[in-house]
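Participant: Need the 3D shape of this:
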Amino acid sequence: MFYKLKPIYEERIWGGQKLREHFQYETDLKNIAECYHVIAIPNHLDNIVIETGELLSDFYHNHREMFDCSKEDLPVRMVSACPESSLSYHLHPTDAYGLAHEGMRGKVEGGFTIEETGEEFDTILGHNAKTKKEFVEMVEKGEWDKLYRHIKGHVGDYSHTPIGTLHKESGDGTTISIAFSSNGDVTYRLYDDDRNDPTRPLNVQAVIDNVTIPDNEVKGWHVDPYEKNGCLIYDYYEKEEEYVGKRIKVNGKGTYEREQFMFMLCLNGKGKINDTPIKVGETIFVPAHSGVLNIEGENLDLAVLSYKE
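Facilitator: Predicted structure coming up:
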């Protein structure tokens, strides 16, 4: 048996309408900036498992045999976003720092855009300071253009953001991104374009405590898909103790197998996985050791989240 999750919507100052329209979601929120398709943080953000009515964090603890994972809590999460303006210049701390200061884990994350136009764009990923002293001086003087590390990316590429890496996404409300990550939710903001929003406080000292110096100079990369058993597969990222992120497209029939548990989010199209129907915007949980999956669909496009110990 497979299980579906109820998504959680979040309104933000930079949010728009594209997520609502694309995934056909209904909500009274003014916008959907982010949609949490898979998250299990008790008393914070926690999906409901539709078939059982349990919170996902409880479902994980009550049905450990379905996950076959030794971690105390569900270790991964998946989120979609579609900004209409720029986000803050921010980072995510280590689990140890996040737990000590916020009672919550940090996160390592990566993501891709649903669209694959290949169009070049400019983004801010990392910084240009060579020492902590230089970093602090640039921050105190507000020399953001000097501090920002600008890189070129292409719509459809994959981008991985390690812990302690400053980043600042932006958009025009037309491009949806999917983020895979470890299951934390601590964000420290260094600069927020002088918006002075009281609901979005800056965390300058926490950023200084956690920022990687000198910068790790990460950048995105292009992933070529390959065809196997009727599936077009994108192997985006797989690292033990972090997360596994993939994408699978099926137009017709295909089969796919993975020993570890999986969450599958339908990005486009419709179809079924074994006997479970799935349509755009829905997320299915596939227990570990489920065997060969028979995937059938019409332009079915799936984001696949997993974990490997």
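Participant: that's a helix at residue 57, yeah?
Facilitator: Yes - judged by DSSP: H, G, I helix; E, B strand; the rest coil, residue 57 forms part of a helix.
Participant: Leaving out the residues flanking it, which one is nearest to it?
Facilitator: Spatial nearest neighbour of residue 57, chain neighbours left out: residue 40 (4.0 Å); criterion: C-beta to C-beta, 6 or more residues apart in numbering. No exception for glycine: its C-beta is placed from N, CA and C like everyone else's.
Participant: And for that neighbour, the neighbour number?
Facilitator: With neighbours defined by other C-beta atoms under 10 Å, the count for residue 40 comes to 24.
Participant: residue contacts, it?
Facilitator: 46, 47, 55, 56, 57, 59, 60, 73, 74, 77, 183 (C-beta atoms under 8 Å, 6 or more residues apart in numbering).
Participant: Look up which residues are beta-bridged to it.
Facilitator: Bridge pairing for residue 40 (DSSP bridges) gives the partners residue 46.
Participant: mind checking how far it is from residue 54?
Facilitator: 10 Å (C-beta to C-beta, to the nearest Å).
Participant: Next: residue 178.
Facilitator: Separation of residue 178 from residue 54 (C-beta to C-beta): 25 Å.
Participant: Between the two, tell me which one has more neighbours.
Facilitator: Counting neighbours by other C-beta under 10 Å for residue 178 and for residue 54 shows that residue 178 has the greater number, 22 against 18.
Participant: low pLDDT regions in the stretch 51-200 of the chain?
Facilitator: Counting by pLDDT under 70, the stretch 51-200 of the chain contains no low-confidence range.
Participant: Break down the stretch 101-250 of the chain into its strands, ranges please.
Facilitator: 109-113, 120-127, 148-154, 158-161, 167-168, 177-182, 188-191, 226-228, 231-239, 243-256 (DSSP state E, counting those that start in this stretch).
Participant: Including distance to residue 92, could those go into a markdown table?
Facilitator: Shown next, in a markdown table, are those (distance: least, C-beta to C-beta, whole Å):
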| stretch | distance to residue 92 |
| --- | --- |
| strand 109-113 | 7 |
| strand 120-127 | 13 |
| strand 148-154 | 17 |
| strand 158-161 | 8 |
| strand 167-168 | 9 |
| strand 177-182 | 8 |
| strand 188-191 | 7 |
| strand 226-228 | 31 |
| strand 231-239 | 16 |
| strand 243-256 | 13 |
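Participant: right, so of the ones you listed, which gets closest to residue 12?
Facilitator: Evaluated with C-beta to C-beta, the strands of the stretch 101-250 of the chain place strand 188-191 nearest to residue 12, the distance being 12.5 Å.
Participant: mind saving the C-alpha coords of that closest one as PDB?
Facilitator: Output of strand 188-191 as PDB, limited to C-alpha atoms (Å, rounded to 0.1, in the frame of the first residue of the first chain):
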ATOM      1  CA  TYR A 188      19.700  32.800   9.200                       C
ATOM      2  CA  ARG A 189      19.300  36.000   7.200                       C
ATOM      3  CA  LEU A 190      22.200  38.300   6.600                       C
ATOM      4  CA  TYR A 191      20.500  40.900   4.400                       C
END
